[in-house]
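J.: okay, predicted coordinates and the sequence, questions at the end:
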Amino acid sequence: MFDTYRNAVVTGATSGIGRSTVLALRQRGLTVYAVGRNEEQLGELAATEGVIAIRADVRDTDRISAALDGVEVDILVNNAGILSTRALFHEIDPAEIDAMIDINLKAPMHLTRTLLPGMVARRRGHLLFIGSSGGQAPYPNMAAYGPSKAGLSLFCDNLRCDLLGTSIRVTEIVPGRVQTDLYRNALAGKAAQTLLYDGYRPIQPDNIASIIVNAVELPVFVDVSRIEVFPTDQATGGGTMVKFED
Ligand SMILES: NC(=O)c1ccc[n+]([C@@H]2O[C@H](COP(=O)([O-])OP(=O)(O)OC[C@H]3O[C@@H](n4cnc5c(N)ncnc54)[C@H](OP(=O)(O)O)[C@@H]3O)[C@@H](O)[C@H]2O)c1
C-alpha cells in the first residue's frame, strides 16, 4: 500500500500517539507533514526524522492548508486532541466546552473538508481519526470531551456514506487508556502518572501507531472502519447507583 500512498499529514505530531505515528510512517518511506505547535519538538522531528514541519494550531485550517498548497495528500491522520479539564460539567470553565469541541471535533472536520476534494479527484486517500472510548460510553468528568469524540465518531460514519464509490477509506481508532501527556492540563504535576499509569499496563503510543500502519497497509478495498483498542486490564460498563441522601 505504501507504493500507492506517498504523502501523509499527521496532526498533533509533537507528542504521544501523533509522534509515534509520524515515526512509523517515516519508517515506511512516506513523506510526512507534521502539524503541531511545539516548536522544539517539530524542529527535532524535522532534524532527525526528515519530516516537513507545519507549525500551526490545528484550528487554523487556512494556515495548514496554505502550507500544504500543491501537495497531493494521500493520508490524513486527524490525531490532535485535548482533554483540558477533568471535572464535573457544572463546575468546568465554560471556555473548556468550546476548546474541546473546536480542537477535537471542528478542527478535524475543517481540515478534512479542505483536503478531501483533491483526494476525491485523485480517487486516492485514507482518512484516519483518533476517537476515544470516551466517545462511545459515558465517563464521569468528561461531559465535554466525550461528546466531542462521539461527534467525531458519527462524522466518520457520515463520511463513509458520502465517500462511497471514491475509493477513499475512513478509519476511526477508538483507544482506551494510552500512556501519553493527554492529561497534562487536566491533572496537575505528576498526578496523571500516579493516578492513571503507575501500577497499570496502559497501551503505549507505538501500539496505536502499529494499528494505524496496519490499517493503511491493507488492500485499498479493505477499510478498517472502526477499531476499539483497550488495555487488556481495562473495561467499561456497569450500572453505577448512589443512595440519595437528604
Ligand atoms: N491518551 C489516551 O489515553 C487517549 C485515549 C483515547 C484517545 N486519545 C486521543 O489521542 C489523540 C492524541 O492524544 P495523546 O494521547 O497522544 O496526547 P498528547 O501526548 O497530549 O498529544 C496531543 C497532541 O495534540 C496536539 N495538540 C493539542 N492541541 C492542539 C492544537 N490546538 N493545535 C495543534 N496541535 C494540538 C499536541 O501538540 P502541541 O502540544 O504541540 O500543540 C500533541 O502533539 C487525542 O485526540 C486524544 O483525544 C488519547
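T.: Received it, and whenever you're ready, just let me know what you need. Residues are numbered from 1 along each chain as shown.
J.: and the pLDDT at Ile82?
T.: Listed pLDDT for Ile82 reads 97.
J.: now it: closest residue in space, sequence neighbours ignored.
T.: Among residues not flanking Ile82 along the chain, Ile103 sits closest, at 5.2 Å (CB to CB, 6 or more residues apart in numbering). Bear in mind the C-beta positions are built from the backbone N, C-alpha and C, glycine included.
J.: any idea how far the one you found is from the ligand?
T.: With distances taken as CB to the nearest ligand atom, to the nearest Å, Ile103 is found 5 Å from the ligand.
J.: what separation is there between the residue nearest the centre of the chain and Leu115?
T.: Nearest residue to the geometric centre of the chain (CA atoms, centre = their mean): Asn79, 2.2 Å. Asn79 sits 14 Å away from Leu115, taking CB to CB, to the nearest Å as the criterion.
J.: my guess is Leu127 contacts Asn158. True?
T.: No. Between Leu127 and Asn158 there is no contact under CB atoms under 8 Å: 11.9 Å.
J.: if you count what's nearby, which of these two comes out ahead?
T.: Taking neighbours as other CB atoms under 10 Å, Leu127 and Asn158 compare with Leu127 leading, 24 against 10.
J.: hmm, who's touching stretch 89-102?
T.: Outside stretch 89-102, the residues within contact range by CB atoms under 8 Å, 6 or more residues apart in numbering are 59, 82-85, 143-145, 147-148, 151.
J.: which two of these have the greatest separation?
T.: Arg59 and Ala143 (21.3 Å; CB to CB).
J.: helix or strand next in line after the lowest-mean-pLDDT helix or strand in the chain, which one?
T.: The weakest-scoring helix or strand in the chain, judged by mean pLDDT, DSSP states H and E, is helix 191-192 (a mean of 90). Sequence-wise, the next helix or strand downstream of helix 191-192 (DSSP states H and E) is helix 205-217.
J.: within reach of the ligand, which of the contacts of stretch 89-102 are there?
T.: 59, 82 (CB under 6 Å from any ligand atom).
J.: what residues of whatever helix or strand Glu40 lives in count as buried?
T.: Counting by DSSP H and E, the element that carries Glu40 is helix 39-49. Residues 41-42, 45, 49 are the ones in helix 39-49 that count as buried (16 or more other CB atoms under 10 Å).
J.: among those, which one lies nearest to the ligand?
T.: Gln41 (6.3 Å; CB to the nearest ligand atom).
J.: which residues does the closest one contact?
T.: 13-15, 19.
J.: near the ligand, from these?
T.: 14-15.
J.: how about the contacts of Gln41 in CSV, adding secondary structure and neighbour count?
T.: Listed next are these as CSV, based on DSSP: H, G, I helix; E, B strand; the rest coil; neighbours: other CB atoms under 10 Å:
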residue, secondary structure, neighbour count
Ala13, coil, 30
Thr14, coil, 24
Ser15, coil, 18
Arg19, helix, 24
